[in-house]
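In: Got a sequence here, can you build the structure:
(one chain, ligands or ions: 1)
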Amino acid sequence: MIATGRSSRGTVARFTGALLAVAVILGMAGSPASATNFGSTGTPGTDGITNGVWFTPDRFWNVGLMSLEPDRNLPALRASVEDDYNVTDLDAFAITGSCAAASHDACVFDTPYGRNGVNGWNACAGTVSGSHPNQTCSLSYVRLNQTYTWDVNNLACHELGHAVGLRHSTETSSCMFAAASPATITTTHDRGHLNTRY
Ligand SMILES: [Zn+2]
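Out: Next up, the predicted model:
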């Protein structure tokens with residue numbers, strides 16, 4: 001998740017969203033993310049901005065790019081799948097035009113979701129197995145909120161990271177650093193986590 005008002009340390013200083021969203025973000029910020037920035041957290045479900053971080057079930061990661069804005073968001077999402085994630089031991093594939101639980105591990109949507117205080121978030125729309133911090137989700141929904149203006153290269157990399165187990169990072173050079181002046185790529189550190197898992 002990236003809140004619309006972001007502070008420099010991953011805490012919530014200028015967040016303007018709903019009380020529910022504040023609780024979700026505080027819960028994530030309170031987890032021991034800074035040491036490893038890797039591991040599942042959050043509540044499954046797609047109501048509102050219910051969100052979190054989950055592992056995808058295996059190294060074959062099929063990402064559906066759903067009716068994304070074609071000139072900006074679609075190319076950025078495809079580039080992130082290919083350049084940030086398919087360079088790891090994940091076999092990451094970008095698929096356009098469909099989203100089905102039987103054939104996809106994650107699906108990305110961009111829609112004006114309204115002034116809910118978040119630019120983007122990752123929801124578990126499928127079934128989970130295991131328990132935190134090793135819980136997997138069979139189908140992630142990555143949401144990009146077109147109500148707000150954001151750097152799509154950063155948001156794509158960031159929310160996709162939450163769909164494979166990356167939490168917020170303290171590395172300012174990582175797209176998982178949830179703060180202003182957003183980075184647009186995963187780091188060697190991030191990729192090391194993914195290579196260990198997958
Ligand atoms: Zn986030």
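In: what's the closest non-adjacent residue to the residue in the chain positioned nearest to the ion?
Out: Residue of the chain nearest the ion, by Cβ to the ion: Met1 (4.1 Å). From N, CA and C alone the C-beta is placed, and that goes for glycine too. Once flanking residues are discounted, Met1 sits nearest to Trp121: 4.2 Å by Cβ to Cβ, 6 or more residues apart in numbering.
In: in the helix or strand containing the one you found, what counts as buried?
Out: Assigned by DSSP states H and E, Trp121 belongs to strand 118-124. Of all the residues in strand 118-124, those buried under the rule 16 or more other Cβ atoms under 10 Å are Val118, Asn119, Gly120, Trp121, Asn122, Ala123, Cys124.
In: In the sheet, which residues pair with the fourth one? Tell me.
Out: Residues found in beta-bridge contact with Trp121 (criterion: DSSP bridges) are Arg143.
In: What distance do you get for it to His193?
Out: Taking Cβ to Cβ, to the nearest Å as the criterion, Trp121 is separated from His193 by 20 Å.
In: for the second one, same thing?
Out: With distances defined as Cβ to Cβ, the gap from Asn119 to His193 amounts to 23 Å.
In: for Thr4, same thing?
Out: Distance of Thr4 to His193, computed by Cβ to Cβ: 27 Å.
In: more crowded one of these two?
Out: More crowded of Thr4 and His193, by other Cβ atoms under 10 Å: His193, with 23 against 20.
In: can I assume the residue nearest to Met1 is in contact with Ile49?
Out: Yes - Trp121 lies in contact with Ile49 (Cβ atoms under 8 Å); the separation is 5.2 Å.
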